[in-house]
Structure formats: structure tokens, C-alpha cells
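In: Let me see the structure of the following:
(one chain, ligands or ions: 2)
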Amino acid sequence: MTESQSPLHLTCRNLRRSKGLTQSDLAREVGCTQSAISMYEAGRAESLAEEKVRILLDILEVDINDISLPETDEGKRAESTLKYCPVDECPSNVPYVTRSQLFFKPMMIEVTVGESTLCSFCGEPLEERCPNGSCGAELREGSFCWSCCTPYVTSTRATGRNPERWADAQRARIRELRELTETRRRGPSRIPRLPG
Ligand SMILES: [Zn+2]
Ligand SMILES: [Zn+2]
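Out: Ligands and ions are numbered 1, 2, ... in the order given. Sure, this is the predicted structure:
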């Protein structure tokens, strides 16, 4: 299958990932918010104005060799930083509903500064800063930026369509996935004790 046969928003997402750009990286270049990119890639084309889409397409067609990444000695020190996956449907993000609004508690992963890290669940490049371009604060545990209160993970789902039911089903799926990895880690010799 050639790229022109898949929907444009998926092509964009794949091209961005192949360049190792996070949604925030791309948003900064396009001049929009990370959540607009996130929604655009989820197929909600109305989240980006046509001129922004044109800029986005321009950026994604640039040869990867033309992109020079700044590399300093500072960045080479083995410091660690927190990162998270910005994909709302990824199992690393636990959804919950407050006043009919869908929020996510992202799994924060500690990694070495300056390394591009892909999500082990879905392959998305992990974010290392607040997705609000004008804030860009470093990450802390929680669902929202400690500095500007922007949610780390934006829901790309249309709201108002029973978010509770979706969140419940998604949490069950995540629980199942984590139980599978737990079982693998413990091995067959220890059977988990049931409560009660
Ligand atoms: Zn992910
Ligand atoms: Zn912020």
C-alpha cells in the first residue's frame, strides 16, 4: 500500500513519527497547540485551519537529512527527565471522568535527557515538556501541568457520548494488559493471592 492510499491524517502521523518529532515539536513549528495536532491526527480535520495544514504538510515533506538537531555537551550528561505518551487511547494513559469530562492520568517514565524515546505500548515519541507551547514547563506526576494547568493528554474523542462507559472499558483493558505483564515478570511459580 502506498502512502497516498491511507487517509491523510494517518500519513501525517506516520511521517511525523518517522522523523522522530513529538506532537509538541510539530505544533511549535506549525504554530498551533499540541492538542490541535493530536485531534488532527485522530481524523478531526476541523481542528486545524487550512493554512496550518499547509504548513504542516510542508514540514513533513522536508527531507529528514535537512533537519539539524542541536547537540551540545550539556545534553550529553546522563541526567534523567520524566516523559509521557500523549496518545489518548494508549494503555499508558489511564482515563477518568470528572463532571462528564474525560481526563487522563499519564504514566510518567524516567529516561535520560536528550534521548528520543518511543512509547513501549504504541510507538509514539514521548513528550518531555508541557504540551502548551507558551509554557513548556518540565513534567511532574499528575494529569495537568503544575504551572499552567494544561492537561498533559488531550482527548481526541467527541465529548458528550457517554465518556464514562468508554473510560470504564478502557480501564478494564489497561488492567488486563498490566496483569499480563505482571504474570510474565513473576513467572509461573508464584500464583497471585486473591483478596479475602
Ligand atoms: Zn503510547
Ligand atoms: Zn504548562
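In: For the longest helix along the chain, the averaged confidence score.
Out: Counting residues, the longest helix found in the chain (DSSP state H) is helix 163-186. Mean per-residue pLDDT for helix 163-186: 84.
In: and what of stretch 137-144?
Out: For stretch 137-144, the mean per-residue pLDDT is 93.
In: Buried residues, the longest helix of the chain. List them.
Out: For helix 163-186, the neighbour count (16 or more other C-beta atoms under 10 Å) marks P163, W166, A167, Q170, I174 as buried. (Each C-beta comes from the backbone N, C-alpha and C, glycine too.)
In: Repeat that for stretch 22-41.
Out: Buried-residue list, stretch 22-41, by 16+ other C-beta under 10 Å: 22-28, 30, 32-41.
In: residues in contact with S143?
Out: Listed by C-beta atoms under 8 Å, 6 or more residues apart in numbering, the contact set of S143 reads F103, F104, K105, P106, P151, Y152, V153.
In: quick one: which of the residues you listed is most hemmed in?
Out: With neighbours taken as other C-beta atoms under 10 Å, the top of the contacts of S143 is V153, carrying 28 neighbours.
In: out of the buried residues of helix 163-186, who's nearest R13?
Out: Closest approach to R13 among the buried residues of helix 163-186 (C-beta to C-beta): Q170, at 20.1 Å.
In: For E182, see how far away the nearest residue to the closest one once chain neighbours are set aside is.
Out: Counting by C-beta to C-beta, 6 or more residues apart in numbering, Q170 lies nearest to P95, which is 5.2 Å off, once chain neighbours are set aside. According to C-beta to C-beta, to the nearest Å, P95 stands 21 Å off from E182.
In: Run through the residues of the chain sitting next to ligand 2.
Out: Neighbours of ligand 2 within the chain, by C-beta under 5 Å from the ion: C130, N132, C135, A137, C145, S147, C148, T150.
In: show me what contacts the fourth one?
Out: If a contact means C-beta under 8 Å, 6+ apart, then A137 has R129, C130, C145, W146, S147, C148 as its contacts.
In: ok, now which ones touch the fourth one?
Out: Residues near W146 by C-beta under 8 Å, 6+ apart: A137, R140.
In: quick one: the residue nearest the centre of the chain and D168, what's the gap?
Out: By C-alpha atoms, centre = their mean, the mean C-alpha position of the chain lies nearest to P86, the distance being 1.6 Å. According to C-beta to C-beta, P86 and D168 sit 22 Å apart.
In: which of the contacts of A137 has the most neighbours?
Out: Counting by other C-beta under 10 Å, top hit in these: C130 with 23 neighbours.
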